[in-house]
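*Asks:* Need a 3D model of the following:
(one chain, ligands or ions: 1)
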Amino acid sequence: MVAATVRLRPGATIGATDKRLFGAFIEHLGRCVYGGIYEPGHPTADERGFRRDVLALVKELAPTIMRYPGGNFLSGYDWEDGVGPQENRPRRLDLAWMSTETNQFGTNEFIDWCRLANIEPMLAVNLGTRDGDAARRYLEYCNHPGGTALSDLRRDHGWPLPHEVKFWCLGNEMDGPWQMQAKTADEYGRIAVETAKMMKWIDPTIELAACGSSGRNMPTYGQWEETVLEHSFDHVEYISLHTYINNYAADVPAFLAAPDLMDGFIEEVTAIADAVAARRRSPKRIMLSFDEWNVWYRTRRKPEDRTKPGWPIAPPILEEAYTMADALAFGGMCISLLNHADRVKVACLAQLVNVIAPIMTETGGAAWRQTIFYPFAQFSHFGRGTVLRAEVDCPSYEASYYDPRGTQELHFPVSAPFLKLAAVRDEASGGVTIFTLNRHLTEPLQLKVDLTGLGLKSVRAARQLCDRDLGAANTAEDPERIRPGLLAGATVSAHVLKATLQPASWNMIRLGTTV
Ligand code: AHR
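*Replies:* Residues are numbered from 1 along each chain as shown. So this is what the prediction gives:
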């Protein structure tokens, strides 16, 4: 048995979670849109073609903001193709995913879907093959009330009211050689500034995110952030981060330690942003938009996937079947985001449906929850509030996390406590939700949390996600193979929470202020 003690104090806080921390992502990629959220002709589709079965699961998952339309797709996207009468919309080759894009779903359908789902839309402008001019036109089409050619075009298309999209991404992963018209940091920094200026002249209420590195393993990581922010500091509110953790090495302990590297990534980018601020003697703080994060490795595309594309429509690509082990690593990432709520104000689980997603569907058939659905839903429902700074005392293990880059073998050493934990206080009720991961694969973890001063008196609910088979997954045939169960035996007495966490388990314990 591993023992861990944790101390929480009422005044020791990290910060309040922003509502946008619980976002997700819809890209024109594989079956995320077509056969995912949108499938006219599906038995559950409404009159606009939105799948009601998927929508019901999205509401249960509870993402708060949705990024669209990409992703790598964005860097070749002409937004004009996706608006106006559907019968007039062009089919295009999508060079990001070697597919044919039919454009039957576009910006206005996306906005309608977000309104239906009660989710804030987040749009991204193409700074790969397009530039600031296309971006300013896109914003005018979306957000200007009327009386100009572009805003009246939106009205003619059937959307008389402005979409009022507040959060915009300036391109996507512009450092990545796989990107259409990738850029150097200086090239991107310049175009980002000029685009930002025009966009804010049109609508000063918007917030903008500049592209950070596409990953911590990129060769230009660090230098990229610094250069881009040197250009754009005065014009943007956010810098983006992307991370996909993997278990290529079939090393589960290292895989479960990887979220601790995400902690380091967040702290490094924060430091770089603050160094740029310091050079300007500026009190402004650039916030972090972690607008792509997830587990992803089994269905990564290889360079040879580009050679014989065949240009299919909505091919079933990147359809990662998530296992119990993936849900644990994913839960660790949720904890990392919560514990940086002071600087990570926006985050998007990539993606929402079918493509590296918490929700899977069969085209024409059923929809179900993947293993990672559960930690995310708990994180979103109960992660709203003030994150408490937890003092954790727990033995650690040493791991070496493998994160390849192209042909290079990169290994990152990491020392990970067996317990990973975040605690969030709901300011209205005073209740606290504790999210925990026991990373020991064979030993239970005896958890004691000192709650002195927090006025917590009872366990309101306790759930665990665990299974002896770390390879188990949910499928169309067995959609509930993995689901949360009750965590028995958690108690609060004399200001101490005691619980025994199963080996390799994700747990959520909700504490209340009444007996
Ligand atoms: O989410 C899948 C892809 O991962 C996105 O299109 C891209 O931005 C990232 O490389």
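*Asks:* excluding its backbone neighbours, what's nearest the residue of the chain found nearest the ligand?
*Replies:* Minimum separation of the chain from the ligand (CB to the nearest ligand atom) falls at G71, amounting to 3.0 Å. Placement of C-beta: from N, CA and C, glycine included. Excluding the flanking residues, the one nearest G71 by CB to CB, 6 or more residues apart in numbering is E27, at 3.5 Å.
*Asks:* Tell me if I am right that P145 is in a helix.
*Replies:* No: assigned with DSSP: H, G, I helix; E, B strand; the rest coil, P145 falls outside any helix and is coil.
*Asks:* Not counting residues beside it along the chain, what's closest to it?
*Replies:* In space, P145 is closest to P162, 5.1 Å off (CB to CB, 6+ apart).
*Asks:* same question, Q104
*Replies:* Nearest to Q104 is Q86, by CB to CB, 6+ apart, at 5.5 Å.
*Asks:* from what I can see that neighbour touches T102, true?
*Replies:* No: contact criterion CB atoms under 8 Å: Q86 and T102 do not qualify, at 9.0 Å.
*Asks:* neighbour-wise, which of the two wins?
*Replies:* More crowded of Q86 and T102, by other CB atoms under 10 Å: T102, with 18 against 15.
*Asks:* Backbone dihedrals for that one, please?
*Replies:* phi -90, psi -20 (degrees, to the nearest 10).
*Asks:* ok, it to L318 distance?
*Replies:* 19 Å (CB to CB, to the nearest Å).
*Asks:* can you check R216 too?
*Replies:* The gap separating R216 from L318 is 21 Å, by CB to CB.
*Asks:* Helix or strand for the closest residue to A366 other than its chain neighbours, just tell me which one.
*Replies:* Nearest residue to A366 in three dimensions, chain neighbours excluded: A476, at 5.8 Å (CB to CB, 6+ apart). A476 belongs to no helix or strand when assigned by DSSP states H and E.
*Asks:* What pLDDT is listed against the residue nearest to Q104?
*Replies:* Per-residue pLDDT puts Q86 at 98.
*Asks:* now P309
*Replies:* 78.
*Asks:* returning to that earlier point: so what's the residue count around the residue of the chain closest to the ligand?
*Replies:* 26.
*Asks:* How much space separates it from A96?
*Replies:* Per CB to CB, G71 is found 7 Å from A96.
*Asks:* between those two, what contacts are shared?
*Replies:* Contact criterion CB atoms under 8 Å, 6 or more residues apart in numbering; residues shared by G71 and A96: L29.
*Asks:* follow-up on the earlier one: which residues are in contact with the residue of the chain closest to the ligand?
*Replies:* If you count contacts by CB under 8 Å, 6+ apart, then G71 has F25, E27, H28, L29, A96, A124, N172, E292, A350, Q351 around it.
*Asks:* just I202 next, same as before
*Replies:* With the criterion set at CB under 8 Å, 6+ apart, I202 makes contact with R136, L139, E140, N143, H144.
*Asks:* out of those, who has the most neighbours?
*Replies:* Within those, neighbour counts (other CB under 10 Å) peak at L139, which reaches 25 neighbours.
*Asks:* which outside residues touch the one helix or strand that one maps to?
*Replies:* Secondary structure from DSSP H and E places L139 in helix 132-143. The contact list for helix 132-143 (CB under 8 Å, 6+ apart) reads 78-79, 83, 107, 111, 123, 125-127, 148, 150-151, 153-154, 162-165, 168, 170, 191, 194-195, 198-199, 202-203, 206.
*Asks:* which regions of this protein sit below the pLDDT cut-off?
*Replies:* Residues of the chain meeting the criterion pLDDT under 70: none.
*Asks:* and it, which residues reach the ligand?
*Replies:* Within reach of the ligand by CB under 6 Å from any ligand atom, the chain has these residues: E27, G70, G71, N72, N172, E173, S214, E292, A350, Q351.
*Asks:* about what we covered before: quick one: the helix holding L139 to chain centroid distance?
*Replies:* Distance, stretch centre to chain centre, for helix 132-143: 25 Å (CA atoms, centre = their mean, to the nearest Å).
*Asks:* ok so, going back, taking the residues of the chain next to the ligand one by one, which sit in strands?
*Replies:* E292, A350 (DSSP state E).
*Asks:* From the residues of the chain next to the ligand, list the buried ones, please.
*Replies:* Among the residues of the chain next to the ligand, those buried by neighbour count (16 or more other CB atoms under 10 Å) are E27, G70, G71, N72, N172, E173, S214, E292, A350, Q351.
*Asks:* Take these and keep only those in helices.
*Replies:* Here DSSP state H is the test, and these give no hits in helices at all.
*Asks:* If we only consider those residues, which is nearest to R343?
*Replies:* The nearest member of those to R343, counting by CB to CB, is E292 at 17.0 Å.
*Asks:* Report the beta-bridge partner residues of the closest one.
*Replies:* H242 (DSSP bridges).
*Asks:* what about it, distance to N172?
*Replies:* 9 Å.
*Asks:* Equivalent analysis for A321, please.
*Replies:* In terms of CB to CB, A321 sits 26 Å off from N172.
*Asks:* per the record, what domains does this protein have?
*Replies:* Domain assignment of the chain by automatic domain parsing yields the ranges 2-10+389-512, 20-383.
*Asks:* Show me what counts as buried in stretch 8-17.
*Replies:* So, applying 16+ other CB under 10 Å, buried residues of stretch 8-17: L8, T13, I14, G15, A16, T17.
*Asks:* same check, this time on stretch 454-473
*Replies:* Quick answer for stretch 454-473 (16+ other CB under 10 Å): 454, 456, 459-460, 462-467, 470, 472-473.
*Asks:* Can you get me the start-to-end distance on it?
*Replies:* 38 Å (CA to CA, to the nearest Å).
*Asks:* what does stretch 223-241 give?
*Replies:* Note: stretch 223-241 ends 14 Å apart using CA to CA.
*Asks:* Quick check: buried residues in that stretch?
*Replies:* Quick answer for stretch 223-241 (16+ other CB under 10 Å): 224-225, 227-229, 231-233, 235-241.
*Asks:* all helices of the stretch 301-450 of the chain, in order?
*Replies:* Listed in chain order, the helices found in the stretch 301-450 of the chain under DSSP state H, counting those that start in this stretch are 324-338, 373-382.
*Asks:* roughly how far is the first one from the heart of the chain?
*Replies:* What it means is helix 324-338. Taking the mean of its C-alpha atoms, helix 324-338 sits 12 Å from the chain's own mean (CA atoms, centre = their mean).
*Asks:* what angle separates that helix from helix 373-382?
*Replies:* Going by axes from the mean of the first three to the mean of the last three CA atoms, to 10 degrees, helix 324-338 is angled at 20 degrees with respect to helix 373-382.
*Asks:* In terms of secondary structure, what does helix 324-338 contact?
*Replies:* strand 238-245, helix 252-279, strand 287-295, helix 373-382, strand 419-425, strand 432-438, strand 458-465, strand 505-512 (3 or more CB pairs under 8 Å, 6 or more residues apart in numbering; DSSP states H and E).
*Asks:* related to what we said a few turns ago, using the three-state scheme, assign the residue nearest to P145.
*Replies:* Applying three-state DSSP: P162 is coil.
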